[in-house]
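Enquirer: Next come a sequence and a model predicted from it.
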Number of protein chains: 2
Amino acid sequence: MKRTAGSSDAAALSGAEPSAHGGIQSLDSALALLQILAAMSRPASVSELARAGAMTTSKAHRYLASFINAGLVMQRHRSGRYELGKGALDLGLAAMARDNLINRAADRLEDIVDATGAAALVAIWGPHGPTVVRWERTASFVVTPLALGTVMPVLNSATGRVFLAFGPQRMVWSLAEAQLARARELKLSWPDLEPTVESARALVERVRTSGYSSVDGRFIPGLKAISAPILNWQGEAEAVLTITTGDEGLLEQNGPALDLLIATCRELSALAPQ
Amino acid sequence: MKRTAGSSDAAALSGAEPSAHGGIQSLDSALALLQILAAMSRPASVSELARAGAMTTSKAHRYLASFINAGLVMQRHRSGRYELGKGALDLGLAAMARDNLINRAADRLEDIVDATGAAALVAIWGPHGPTVVRWERTASFVVTPLALGTVMPVLNSATGRVFLAFGPQRMVWSLAEAQLARARELKLSWPDLEPTVESARALVERVRTSGYSSVDGRFIPGLKAISAPILNWQGEAEAVLTITTGDEGLLEQNGPALDLLIATCRELSALAPQ
DNA sequence: CATTAAGTTGCACATTATGCAATAATCATT
DNA sequence: AATGATTATTGCATAATGTGCAACTTAATG
């Protein structure tokens, strides 16, 4: 392990340059690599990871070996690509179990589903965008896979739009701008949104003014959704609550489902931490 | 770092005892401590953690300092108790997103499109039938019937036929029977399908036997498509993967595109949740 | 305020993390 | 199927830092 060239005489004599925060240097390096892997949208090779982490492949490989041993990372077969493993999921679920805001929101889902006959979900902002962390539905809900971990698009989902208006702005707009660029490249647009920053900002104004967002069957035929934010004390969305249904009448403006959603989010917002 | 008492002479000469799995010893110890913290039901003191992890408080403290620096752990104030931080939640969310079937399938679209020069899509069963939820194409792909939310017909699209054979049967056949009745009313038929239940059942047998479905230019002039199911453990399609192209030669039987499609769906099926 | 217990940090020494090169495995091409 | 190129993995000598101990700091209690 190399010392920095500017080591003081005292440090040189004693043998160790302590890390700036009193931690362990190899652990810091390893955890930086883990974050790089987590940010990747696909399984990665050891050389990709080493390059991205500015380290030798040999070093990256050894860190990955320890992460595999701990269950945080998995590799499909020897010499295969690496991705996050069950241990990472378990760690996240443990962290989530301690998050009072998510748990309070989740506790409301059953009542919402019972009252509306629809499906309802809680999403929070994750490394890849708005991520479903809890959901409930009635047995008759017809859409097949709606699952824990589903990442919603920012621009054309009700959930995503609420994050666009109320979420952590720098991160949200970084992703939104990428999605806008991609849409322009493929010459896409949506019923109420052109793939431009100006159009997206106008959408944000509409969502902020109304305090919720909705998408109707023009986006996914037969599906309608309404979403509202659970705000913290800075007015930023900590989570988003969404009701989604195939029943076109259920989520009408000024209807009971929207009232329930807004009231629930308001109550949960009042309980949010500083 | 202490050697075990039984170190071999060779290891003593070379200086390092490699960890059993080729990883890094201090990283292994640190990750073991993190798991102990995750398993605790409440915030823990450094001495509790050190005791549970059979290490000195000084060692535990330094590991925790690195975890805090990485965001995986937080401490309410100096000398306060330790608990999992936002970074642990983010790691879990990233793992959750990886674990999601639609995201896994979507990740494959780019490779498929690159390999074939065609367009590729993921569809799920929605309220009005097979619904496109993800798609990719090359920028040069000129024919664009695709959009997020496009509902494919059940009887005369490759995607729909795979759902007919492998999808949630009660819902799928309810819609199929309605489309058959409509076709009889309009006196429609298709090159390989009469608008009868018997003919449709024969089609299902063919699709189930081959494990995939294809439609050629007789259905939509200039377009050919092949589809295969991503099956769950009950043998029911959770999603369907489709390659579509205007190049008639590309999707020939026993060709590389079909092989790629089948292999991809097989791999994704193997990863599907219970 | 004094005392005790727990958290945090300096430093000498003990231990292992690391880079480099060799070996093994996988992928692409013919 | 064979071959060459590329990438993943591992042995080992050297470079680097992780660790235990004790001192210092902080927090809690009487």
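Expert: Noted; the coordinates are in hand.

Enquirer: Tell me the spacing between the nearest residue to residue A:52 once chain neighbours are set aside and residue A:49.
Expert: Spatial nearest neighbour of residue A:52, chain neighbours left out: residue A:36 (4.9 Å); criterion: C-beta to C-beta, 6 or more residues apart in numbering or on different chains. Bear in mind the C-beta positions are built from the backbone N, C-alpha and C, glycine included. Counting by C-beta to C-beta, to the nearest Å, the gap from residue A:36 to residue A:49 is 6 Å.

Enquirer: Between the two, point out the one with more neighbours.
Expert: More neighbours surround residue A:49 than the other of residue A:36 and residue A:49, with 23 against 18 (other C-beta atoms under 10 Å in any protein chain shown).

Enquirer: Next one, pLDDT for the closest residue to the more buried one other than its chain neighbours please.
Expert: Once flanking residues are discounted, residue A:49 sits nearest to residue A:60: 5.2 Å by C-beta to C-beta, 6+ apart. Per-residue pLDDT puts residue A:60 at 96.

Enquirer: How many residues are close by residue A:60?
Expert: So residue A:60, with other C-beta under 10 Å, has 27 neighbours.

Enquirer: Does residue A:68 touch residue A:75 like I think?
Expert: Yes. Between residue A:68 and residue A:75 a contact is recorded at 6.2 Å, counting by C-beta atoms under 8 Å.

Enquirer: shared neighbours of those two, anything?
Expert: Contact criterion C-beta atoms under 8 Å, 6 or more residues apart in numbering or on different chains; residues shared by residue A:68 and residue A:75: residue A:82.

Enquirer: What strand or helix carries residue A:83?
Expert: Element membership for residue A:83 (DSSP states H and E) is strand A:82-84.

Enquirer: now check the helix or strand following that strand, is it near chain B?
Expert: Using DSSP H and E, the helix or strand that follows strand A:82-84 in sequence is helix A:86-97. Yes. Using C-beta under 8 Å from any C-beta of the partner chain, helix A:86-97 reaches chain B at A:86-96.

Enquirer: Equivalent analysis for stretch A:124-135, please.
Expert: Yes. Using C-beta under 8 Å from any C-beta, stretch A:124-135 reaches chain B at A:124, A:126-128, A:131, A:133.

Enquirer: And the residues you listed, which is closest to residue B:270?
Expert: Relative to residue B:270, the closest of the residues of stretch A:124-135 next to chain B is residue A:128; by C-beta to C-beta it sits at 23.1 Å.

Enquirer: Walking through chain A, point out its strands one by one.
Expert: Here chain A has its strands, by DSSP state E, at A:73-75, A:82-84, A:119-126, A:129-136, A:213-215, A:224-231, A:237-245.

Enquirer: any idea how far residue A:169 lies from chain B?
Expert: Here residue A:169 is placed at a distance of 17 Å from chain B (C-beta to the nearest C-beta, to the nearest Å).

Enquirer: what pLDDT does that residue get?
Expert: 93.

Enquirer: now residue A:182
Expert: pLDDT for residue A:182: 86.

Enquirer: Compute the number of surrounding residues for it.
Expert: For residue A:182, the neighbour count with other C-beta under 10 Å is 12.
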